[in-house]
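Enquirer: Provided below are the primary sequence and the corresponding predicted coordinates.
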Amino acid sequence: MKKRIVQGLGAALLMASFISCSGPKKVTEQEVVKAAVNKPVDDLAEEKQKQFEYLFVEALKQKMFGNPQKAIQLLSSCLEIDPNSSAAMFELANIHAVNNDFTSSSLLLEKAISLNPGNKWYKLLLAQVYQQTRKFSEAADLYAELVKKEPENLEYVYMNAALLASAQRYDEAVAAYNKMEKETGVNEQISVAKQQIFVSQGKIDQAFAEIQKLIDYNPDEAKYYGLLADLYHSQGDDENALKYYKKIEEMDPQNGFVHFSLANYYLEKGDALKSFAETKKGFESEAVEVQTKLQLFMMLTNDNSETKLSEEQQNELIGILLDKNGDDALVHTIYAESLLKKEKLPEARVELLKSLDIERNDYMLWERVMFIDNDLQDWNSLYGHTKEIMELFPNQPQGYFFHAIACIQLEKYDETISITDEGIDFVIQNPQLKANFQMLKGDALYKLNKKDEAYRLFDKALELDPENYLLLNNYAYYLSVEGRELDKAERMSGKVVERFPDNSTYLDTHAWVLFKKGEYTLAKFYMESALKNGGEDNPTLLEHYGDILFMLKKLDEAQSYWEKAKNFGGDSEVLLRKIKEQKYFEE
């Protein structure tokens, strides 16, 4: 049976999930500290007592100020003074839980509870930690203890029941739900939870009875018939499933969710056309929130989706979304993502910019635009967009970095230098990015003929990021052009081609370094490899190969490659002079 594209109508309409990962409301420090800090510590010397209290309060301050590591140190010192302080254990466990160190958190809480078993806040936090580590049975038992102390607390009763169900302790879970139902009366959330348990147990008649109870309680509520239809559908009773889906349409013509359920139904029956027709109706419904439609669109267009929507069908759904919800930034963002999957970069950029017209302060979208500008080598757009980004997000170094790239490409070298100096100050704990800033500044200095300054910056950048292959390549090429430190240039370019043996640009650099060293035969080998790996129509590489052939006394072949370089766009005065006078000239 094919996978269903959305959950059933009834499940989609539930206001609350069966069990929340976050559990009940979080334990607050204000509620805990009163009970915990006042623990008697008669066995401590008065001086130690004062020291403990100072460290404990300071730990809470550091935690509040967002310094968890400092708080951990202070609380650890508290436990050195009083190894049995359940309050310090609780606070330390809380920090570990926030940091997803659930093992340390649970160990501390278990000990705290053994020392102070009456503290409910310790048990609530431990129950939440157990939930996160999927220890549902242990979490359920903790809520059972809390229910004994506060039997009127229905939140505890519900969490106990839900966790028992997750632990597959089904009979106990049903008993807990029944207890809650006696207090609340017929309740949708309880009935749905019990129905799911009965299905898991194979008690299908009881599952149907729970949904029927909801219908009897409120026969005018269409979503309950949706739950019934979903249950029939899951049991393979397509006739009754379709009957109740159609009943919903009669009762509530504006109900968009029923169309998604029908889309599932027809898809599993193998009728893709009817399935898509129902999907369209759901997308056109004003009753369905745009977030739901977008989630479904992403599911339908996912690479692993079994629906296999055609590009035309995808465009139809996008058209409906744009027509109904064109003022929603997320619609344009999702459309852009679908275009990026098809490598339609210019079209995706248009949609991202529409999204940014609606929601201007979304940095992640601006970053996507920067990358697209860079991939398209649209330097004027990159220059303009990064200007906006730097104004909106002055502390984000990426905006300055991409602006510097645009400046280099547009030959705005003085601006490159000033913007890299400004942007590098915002780089924190990222040596690779800092090295790239220095590389760009060095490139600008080189173009301004300040070569010694440029080389010093390149060396500093390589100290920060020795594996920066672009920098290694460019630095080696600059040195080779000047015939300067050629052994150093050879080591750098050799390291690059060893890592990227099929990159024509890097192979050309290495060949040119060898050419400058007079190693023409070896240079010829690397240049031929560069031409074979995508450089056969690159005028610079063709010209370089002609230069090498000339030095190897292969004059006719050299002349031929210079001519090829010209035919592929090479138009430098030096190249034209080589062709005219049939000899090599340095640039």
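Expert: Happy to help now that I have it. Residues are numbered from 1 along each chain as shown.

Enquirer: so the residue most central in space within the chain is in which element?
Expert: A centroid search over the chain (CA atoms, centre = their mean) returns residue 364, at 10.3 Å, as the residue closest to the centre. When elements are defined using DSSP states H and E, residue 364 is found to belong to helix 363-376.

Enquirer: residue 309 now?
Expert: Going by DSSP H and E, residue 309 is not in any helix or strand.

Enquirer: so it makes contact with residue 300?
Expert: Yes: when contacts are counted by CB atoms under 8 Å, residue 309 is listed as touching residue 300 (5.5 Å). Backbone N, C-alpha and C define where each C-beta goes, glycine included.

Enquirer: ok, back up a step: any idea how far the residue nearest to the centre of the chain lies from residue 294?
Expert: 16 Å (CB to CB, to the nearest Å).

Enquirer: do the same with residue 371
Expert: 22 Å.

Enquirer: now residue 83
Expert: From residue 83 to residue 294 the distance is 53 Å (CB to CB).

Enquirer: re earlier: where do the contact lists of residue 309 and residue 300 overlap?
Expert: residue 317 (CB atoms under 8 Å, 6 or more residues apart in numbering).

Enquirer: the two: which is more packed in?
Expert: Each of residue 309 and residue 300 has its neighbours counted (other CB atoms under 10 Å); residue 300 has more, 20 against 17.

Enquirer: so that one makes contact with residue 279?
Expert: Yes: contact criterion CB under 8 Å: residue 300 and residue 279 qualify, at 7.4 Å.

Enquirer: any residues in contact with both of these two?
Expert: Residues touching both residue 300 and residue 279 (CB under 8 Å, 6+ apart) are residue 317.

Enquirer: ok now the longest helix anywhere in the chain, how far from the chain's centre?
Expert: When the chain is scanned for its longest helix (criterion: DSSP state H), the result is helix 46-64. Computed by CA atoms, centre = their mean, to the nearest Å, the chain-centroid distance of helix 46-64 equals 39 Å.

Enquirer: now do the buried residues in that helix.
Expert: Neighbour-count burial for helix 46-64 flags 51-52, 55-56, 58-60, 62-63 (criterion: 16 or more other CB atoms under 10 Å).

Enquirer: pick the one among the residues you listed closest to residue 482.
Expert: residue 62 (55.6 Å; CB to CB).

Enquirer: pLDDT at that closest one, what is it?
Expert: Note for residue 62: predicted pLDDT of 92.

Enquirer: and residue 56, by the same measure?
Expert: Reported pLDDT for residue 56: 95.

Enquirer: before we move on, the earlier item: now tell me what touches the helix holding residue 364 from outside.
Expert: Contacts of helix 363-376 (CB under 8 Å, 6+ apart): 333, 336, 345-346, 348-349, 352-353, 355-356, 359, 379, 381-382, 385-386, 388-389, 392-393, 396, 398-399, 402, 405-406.

Enquirer: can you check stretch 431-441 too?
Expert: 397, 400-401, 404-405, 408, 416-417, 420-421, 423-424, 427, 457-458, 460-462, 464-465, 468, 470-471, 474.

Enquirer: just the buried ones from those residues, in PyMOL syntax?
Expert: The buried subset of those, as determined by 16+ other CB under 10 Å, is captured in PyMOL by this line:
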select buried, resi 397+400+401+404+405+408+416+417+420+423+424+427+457+458+461+462+464+465+468+471+474
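
Enquirer: before we move on, the earlier item: out of residue 371 and residue 294, which sits in the busier spot?
Expert: residue 294 (18 against 15).

Enquirer: nearest residue to that one in space, please, no chain neighbours.
Expert: residue 334 (5.3 Å; CB to CB, 6 or more residues apart in numbering).

Enquirer: picking that back up, let's have the buried residues of helix 46-64 in TSV, adding distance to residue 211.
Expert: What follows is these, written out as TSV (distance: CB to CB, whole Å):
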residue	distance to residue 211
51	62
52	58
55	57
56	53
58	56
59	52
60	49
62	52
63	47
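
Enquirer: contacts for the one helix or strand residue 73 maps to, please.
Expert: Applying DSSP H and E as the criterion places residue 73 in helix 68-81. Helix 68-81 has contacts (CB under 8 Å, 6+ apart) with 44, 48, 51-52, 55-56, 58-60, 62-63, 85, 88-89, 91-92, 95, 98-99.

Enquirer: shaky segments in the protein?
Expert: 1-44, 303-307 (pLDDT under 70).

Enquirer: show me how it divides into domains.
Expert: 28-133, 467-581 (automatic domain parsing).

Enquirer: now these in JSON lines, with distance to residue 204?
Expert: Converted to JSON lines, the domains of the chain look like this (distance: least, CB to CB, whole Å):
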{"stretch": "domain 28-133", "distance to residue 204": "29"}
{"stretch": "domain 467-581", "distance to residue 204": "61"}
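
Enquirer: for these, which one sits closest to residue 203?
Expert: Among these, if distance is taken as CB to CB, the winner is domain 28-133, at 26.1 Å.

Enquirer: export stretch 253-269 as PDB, just CAs?
Expert: Extracted as PDB, the C-alpha positions of stretch 253-269 are listed here (Å, rounded to 0.1, in the frame of the first residue of the first chain):
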ATOM      1  CA  PRO A 253     -18.800  22.400   2.000                       C
ATOM      2  CA  GLN A 254     -16.000  24.800   3.100                       C
ATOM      3  CA  ASN A 255     -14.000  22.200   4.900                       C
ATOM      4  CA  GLY A 256     -10.700  22.000   3.000                       C
ATOM      5  CA  PHE A 257      -9.200  19.200   5.000                       C
ATOM      6  CA  VAL A 258     -11.600  16.600   3.700                       C
ATOM      7  CA  HIS A 259     -10.200  17.200   0.200                       C
ATOM      8  CA  PHE A 260      -6.700  16.200   1.500                       C
ATOM      9  CA  SER A 261      -8.200  13.100   3.000                       C
ATOM     10  CA  LEU A 262      -9.900  12.300  -0.300                       C
ATOM     11  CA  ALA A 263      -6.600  12.900  -2.100                       C
ATOM     12  CA  ASN A 264      -5.100  10.200   0.100                       C
ATOM     13  CA  TYR A 265      -8.000   7.900  -0.500                       C
ATOM     14  CA  TYR A 266      -7.800   8.200  -4.300                       C
ATOM     15  CA  LEU A 267      -4.000   8.000  -4.300                       C
ATOM     16  CA  GLU A 268      -4.100   4.700  -2.500                       C
ATOM     17  CA  LYS A 269      -6.800   3.500  -5.000                       C
END
